[in-house]
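[1] The following block contains a protein sequence and its predicted model.
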Amino acid sequence: MRTTFIRSTFVAAVIGIVGVGPALAQTPARPAAPLAAASGEQERSLTIDEAVRLALDNNLGIQIARFNPQVQDLSVALARSAWVPSFTTLVEGAGTTVPNSGFLSGATTGQNKTTTGRMLSNVGLTQQTPWGGSYSVGWDSTRSTTSNVFSNFSPQLQSSLSIDIRQPLLRDFSIDNLRRQVILSEKDRDISDFQLQQAIATTSRAVRNAYWDLAYANASLGVQRQSLDLANESLRETNARIQIGTTPPIDAVEAQAEVAARQQAVIVAEAQIDTAQDNLRALVFNQSSPDFWTTRIVPAELPAFQPTAVNVDAAVRNALQMRTDLLQARKSLESADIDIKYFRNQTLPDVSAILDYGLTGLGGTPVARVNNLGIPGTVPAGIARNFGSVLGDLFGNQFPSWTVGLSISYPLGHSPQEANLARAQLETVQAETQLKNAELQVVTQVRNVARQVTTGERLVDSTRVARELAEQRLDAEQKKLAAGTSTNFLVFQAQRDLAQARNDELNAILSYYRAQTDFETVQVAPVAGANTSTLATATSGNVGTGVTAVTNTPATATTAVGQTTAVGTPTAVGGAGRTQ
């Protein structure tokens with residue numbers, strides 16, 4: 001009878017809450033319920049996939065990572081803006097009046113000063129070209145009036161058009177600093193995408209682990225409550241034997257101490273559920289929601305324990321192709337190649353072609369003036385020429401001017417560009433070696449995590465057998481006690497061993513699911529150092545699964561004679577590459 005009770009309550013904790021599977025199903029019983037929602041709290045049932053989707057929408061870490069590609073888009077646009085044409089325009093007016101300083105001052109007869117007025121407009125366009133050169137185009141128009149007798153026109157209309165082209169032929173021809181910055185910013189943009197993918201993968205892993213933490217914290221509470229029920233039943237039976245005189249009254253003290261110790265374990269398990277709630281809540285819910293701290297998460301569907309096959313070779317190939325840290329390293333190596341190309345180009349002679357071409361047109365109203373010497377300043381020739389005639393001369397190429405040149409510059413001796421090239425080449429060799437080392441570490445991580453999966457599967461089977469044997473031992477001790485051949489101490493020890501075995505089995509299943517999550521994640525992103533938490537059960541020990549548990553210094557609570565348990569601080573399970 002006692003054995004049936006033990007089996008049924010354990011199956012309730014594992015089947016009803018954890019979903020271990022038919023291998024553990026023995027006798028159906030009432031499942032141990034998780035903590036009830038406090039006053040003012042509301043419950044929300046979530047599947048593990050729903051939790052991951054909520055995290056993708058609400059998690060602050062992912063929201064921060066999503067800004068990086070946008071920032072890099074602006075960096076690319078900023079780098080490309082160097083090629084944007086620049087338009088300039090200018091309109092100004094000016095006037096001067098100067099006194100005569102000599103007979104050649106140009107003043108007309110009877111005047112002691114020379115007056116000049118000018119109205120100027122300018123339109124220009126300049127641009128750095130994507131092939132390393134530059135050009136500028138300028139169009140000037142001027143209207144000027146003057147009383148100077150040496151001027152043929154007043155008002156005088158003048159317009160000019162100039163084109164200036166500079167084009168490197170060796171250095172800066174195939175690549176220059178502007179193109180280098182654009183390419184590097186595009187590489188950084190790709191790296192930001194990989195960083196976002198990594199943030200999503202690691203956050204999804206953290207959410208899944210936090211979800212398992214909460215589910216198994218509920219299951220652990222069920223185990224502790226079952227252990228408390230066994231202690232209370234033993235206390236009742238001890239009191240009954242004391243009343244009929246078959247047991248000394250002192251035995252009740254030991255039974256009461258056992259009940260008190262197991263009540264402490266229940267309190268610790270309840271606190272761990274609250275911790276697991278906060279951990280999962282912080283990952284999946286919107287912190288600005290008014291019910292952020294009052295919503296209690298209830299894990300909805302928990303799969304049965306189903307071992308999965310592990311294909312290490314396929315996982316290694318996937319990791320070498322898909323790992324975000326390797327993709328980032330390869331992009332950085334491509335950036336280093338761009339630096340080498342640029343610095344190698346900078347070692348070439350600076351040979352640039354120069355072309356300047358200009359057009360001009362002149363017009364206005366001819367005037368005839370006589371200076372103080374009586375000499376005509378100008379002889380009118382024909383009718384006045386308006387601005388249309390000036391533009392006709394300009395665009396008719398009537399008065400061109402041009403300059404063609406070749407500029408050559410080359411340093412004598414060692415140049416800074418050669419030093420930069422040597423350094424870039426050395427850094428590239430270093431980066432290639434680092435990439436090979438990273439690939440080796442990735443393969444090692446994948447193999448380690450795959451080993452954790454297979455080890456975890458074997459430990460689940462082992463702890464299941466250990467739990468079944470602990471049930472049988474407790475049943476035997478209870479029968480011996482009923483026959484008078486055992487003691488309360490041995491029965492309590494068997495109860496503690498059974499509680500330990502149950503928690504060990506829960507820990508083994510939890511670690512197996514964690515290893516599965518790590519096995520999926522390690523093919524996409526690094527898992528070492530991920531900020532996740534692991535269920536800390538209210539038992540005297542944890543089952544090793546090849547995953548090293550790194551635990552902060554916790555408080556302890558006594559669960560049995562000579563046994564303590566961690567309180568409040570969950571353990572953190574590391575990923576690939578950690579000590580097994």
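    That came in fine, so what should we check first?
[2] distance of Arg225 from Ala319?
    43 Å (Cβ to Cβ, to the nearest Å). The C-beta positions use only the backbone N, C-alpha and C, and glycine is treated the same way.
[3] try Ile165
    From Ile165 to Ala319 the distance is 52 Å (Cβ to Cβ).
[4] For the stretch 101-250 of the chain, which residues score under the pLDDT cut-off?
    Scanning the stretch 101-250 of the chain for pLDDT under 70 picks out 101-111, 149-150.
[5] just so I have it, where are all the strands in it?
    113-128, 134-146, 153-168 (DSSP state E, counting those that start in this stretch).
[6] Deepest-packed of those strands, please.
    strand 153-168 (a mean of 18; mean count of other Cβ atoms under 10 Å).
[7] and Ser75, how many neighbours?
    18 (other Cβ atoms under 10 Å).
[8] actually Asp229, not the one I typed
    So Asp229, with other Cβ under 10 Å, has 15 neighbours.
[9] Looking at Arg225 and Ala319, which is more packed in?
    Just comparing Arg225 and Ala319: by other Cβ under 10 Å the higher neighbour count belongs to Ala319, 23 against 19.
[10] ok, that one - contacts?
    Leu326, Val442, Val443, Gln445, Val446, Val522, Gln523, Val524 (Cβ atoms under 8 Å, 6 or more residues apart in numbering).
[11] where's the first one relative to Lys341, distance?
    Read that as Leu326. 23 Å.
[12] now swap in the fifth one and tell me
    The span separating Val446 from Lys341 equals 34 Å under the rule Cβ to Cβ.
[13] Tell me which of the two has more neighbours.
    Val446 (26 against 17).
[14] pretty sure the more buried one is touching Asn311, no?
    No: using Cβ atoms under 8 Å, Val446 is not in contact with Asn311; the gap is 10.7 Å.
[15] what's the overlap in contacts for the two?
    Going by Cβ under 8 Å, 6+ apart, no residue sits against Val446 while also sitting against Asn311.
[16] ranges for the strands of the protein?
    For the chain, the strands defined by DSSP state E occupy 42-46, 86-99, 113-128, 134-146, 153-168, 295-299, 350-366, 400-409, 549-550, 555-560, 563-567, 572-573.
[17] Report all helices and strands that the fourth one contacts.
    In terms of contact count using 3 or more Cβ pairs under 8 Å, 6 or more residues apart in numbering; DSSP states H and E, strand 134-146 is assigned the packing partners strand 113-128, strand 153-168.
[18] Which stretch among these approaches Gln272 most closely?
    Gln272 lies closest to strand 113-128 among those, at 63.3 Å (Cβ to Cβ).
[19] Please list all residues in contact with the nearest residue to Leu54 once chain neighbours are set aside.
    Among residues not flanking Leu54 along the chain, Val284 sits closest, at 4.1 Å (Cβ to Cβ, 6 or more residues apart in numbering). Counting by Cβ under 8 Å, 6+ apart, Val284 makes contact with Leu46, Ala51, Leu54, Ala55, Asn58, Asn59, Val207, Ile297.
[20] Please repeat the previous calculation with a cut-off of 10 Å.
    Residues near Val284 by Cβ atoms under 10 Å, 6 or more residues apart in numbering: 44, 46, 50-59, 203, 206-207, 210-211, 297.
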